[in-house]
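> Fold the following, please.
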Amino acid sequence: MQKLSRGELEAAFTRAIIKLEKEYLGRGPMDARTYVLDDIVLVRLRGVLTLAEVKLSETESGRDLVKETRRRLFESTRSMIEDAVREIFGRTVISLHTDLSTRTGERVIVLTLDQAVE
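Okay, the predicted model is just below:
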């Protein structure tokens, strides 16, 4: 089997995250990109909020609710993300972090792996 380039691995992981978002959350981001830096994987998702979430985010309590709900939904997909990392990169996830901006509708996901991606 031919070894995939870093760009091909990044694209494959981006597709996996988009598929997960669509299947699990009902819609995917408007734009997504993955960056691999040694043993760190950074995923940037743009346009992730629904129109209802944008409207709800107009108040502080609404922003908190949107962020907490999205965080919980994301945590429930952790095993699926770990499976995708094993399948695509052949690595194990050590830690997984995410944050969502209700102002820009952008979310970042940061994963640290057990070893660098070559």
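
> name the element the spatially most central residue of the chain belongs to?
For the chain, the residue sitting closest to the mean C-alpha position, by CA atoms, centre = their mean, is Ile109 at 4.6 Å. Using DSSP states H and E, Ile109 sits in strand 106-113.

> likewise Thr69?
helix 60-75.

> average pLDDT for that helix?
Per-residue pLDDT over helix 60-75 has a mean of 95.

> now do stretch 16-24
Average pLDDT, stretch 16-24: 94.

> where in the chain is pLDDT low?
Within the chain, the segments meeting pLDDT under 70 span 1-2.

> Helices of that one, start to end?
Ranges of helices in the chain, per DSSP state H, are 6-20, 51-56, 60-75, 78-89.

> quick one: contacts for Thr92?
Residues near Thr92 by CB atoms under 8 Å, 6 or more residues apart in numbering: Glu82, Val85, Arg86, Leu113, Asp114. Every C-beta, even on glycine, is put in place using the N, C-alpha and C of the backbone.
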